[in-house]
Structure formats: structure tokens, C-alpha cells
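Trainee: A structural model of the following input is requested.
(one chain, ligands or ions: 1)
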Amino acid sequence: MVDERSAGAVVFFSETGHDDPEYLLLHYTAGHWDFPKGNIEAGEGEEQAATREIREETGITDVKFIDGFRMKINYRYRHGRRPVQKEVVLFLGGTKTKQVVLSHEHIGFAWKKYESAMEQLTYQNAKNLLTAARQHLRRLTS
Ligand code: ATP
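Mentor: Okay, the predicted model is just below:
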């Protein structure tokens, strides 16, 4: 059973659409590096929640999601003594905005090419997701 559901996206910036994109990572106050994401509110669709969270967490408002990419990751963590089973749905979206305005929820951000994004991301399931996102983009542009 899932206790918490979040939505977010692998947000990429590409100058020309043909170069190696840069991916947006956020430094969470808990210490990990991950994609922009947040809780899906009651009555909200997944893409709607992802769009809202990206706007609230980064100030970016022009992300366009790529059709056909929707992946889930699941993990467990402890909130005090309470175990939480969480599911995160992630989309893949391009932006032309490089400027990021952080909220209080994060302590840093980075635009990273694939290899260094893989080093920066904390969790293996997020790394696997980035690999799948890059493969999806490569198939579209080849
Ligand atoms: P949200 O951004 O969805 O509002 P949050 O900031 O409240 O979430 P999470 O990023 O889910 O919280 O982090 C909650 C806990 O889960 C932290 O202790 C974090 O280290 C851990 N965590 C985050 N992502 C993963 C993951 N992919 N795999 C395992 N544990 C994770």
C-alpha cells in the first residue's frame, strides 16, 4: 500500500535540441540530490502536479513534457517512527529556461550533463530513471 504519492520530472535544457542536454537536479534539505517533485494534491492529475511542483520549486514555467515517458519509482523511508511507502511518478520535460529560483525546500540546484548528473544523484533508482530518460530522448532525436 502506498502512503505518499508524488509527481515530478526529469527536466532538461538543450540550447539547440541536438546537443547533449543538461538535466536539472535539486539538493534536498535532507541531504540527497534528486529531480524536482512533490506531493500530488487531492483532485490533481499527475502531470498537473508535476508542472506545479516544478514551478514552485524552481520558478520554471515553460516545461513541455515529452509524450510517452512516464515512469515510477518506489521506496520506503521513516518519518520519525512511522514507515512510509512512497511512489513517485516522473515525466520527462524540456525547458528553455536556465534560471532557477529555489524555494525553502531545497538548498541548491545544478544543471548537469548525463555523466556528472549520474554521479550527483544520490539514489540508484533515480540514476536508472535518468538513464531511461536519456535513452528516450536519444531515440527521439536519432
Ligand atoms: P517530495 O519532494 O515528494 O515532497 P520530500 O522532500 O518530503 O518529498 P523525499 O525526497 O521523498 O521527501 O525524501 C524523504 C526521505 O526518503 C529522505 O530521507 C530521503 O533520503 C529518502 N529518499 C528520497 N528519495 C529516495 C529514493 N529514490 N530511494 C530511497 N530513499 C529515498
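
Trainee: now the helices for this protein?
Mentor: Per DSSP state H, the chain carries helices over the ranges 46-58, 114-120, 124-141.

Trainee: For the closest residue to residue 37 other than its chain neighbours, list each beta-bridge partner.
Mentor: Nearest residue to residue 37 in three dimensions, chain neighbours excluded: residue 8, at 2.5 Å (Cβ to Cβ, 6 or more residues apart in numbering). For every residue, glycine as well, the C-beta is placed using N, CA and C. Under the criterion DSSP bridges, residue 8 forms beta bridges with residue 37, residue 90.

Trainee: residue at max distance from the center of the protein?
Mentor: The C-alpha centroid of the chain is most remote from residue 81, which lies 27.2 Å away (Cα atoms, centre = their mean).

Trainee: Check residue 85 and give its pLDDT.
Mentor: Per-residue confidence (pLDDT) for residue 85: 98.

Trainee: In the sheet, which residues pair with it? Tell me.
Mentor: Taking DSSP bridges, one obtains residue 76 as the residues bridged to residue 85.

Trainee: what about residue 109, neighbour count?
Mentor: Residues lying near residue 109 (other Cβ atoms under 10 Å) number 17.

Trainee: which residues sit in contact with it?
Mentor: Contact partners of residue 109, counting by Cβ atoms under 8 Å, 6 or more residues apart in numbering, are 24-27, 58, 100, 102.

Trainee: what's across from it in the sheet?
Mentor: residue 26.

Trainee: where does it land on pLDDT?
Mentor: At residue 109, pLDDT is 98.

Trainee: So the residue positioned nearest the centre of the chain versus the ligand, what's the distance?
Mentor: Centroid check for the chain by Cα atoms, centre = their mean gives residue 35 as the closest residue, at 2.9 Å. Distance, residue 35 to the ligand, using Cβ to the nearest ligand atom, to the nearest Å: 9 Å.

Trainee: dump the residue contacts of the spatially closest residue to that residue that is not a sequence neighbour.
Mentor: For residue 35, ignoring the flanking residues on the chain, the nearest one in space by Cβ to Cβ, 6+ apart is residue 8 at 5.1 Å. For residue 8, the contacting residues are 35-38, 50, 53-54, 88-91, by Cβ under 8 Å, 6+ apart.
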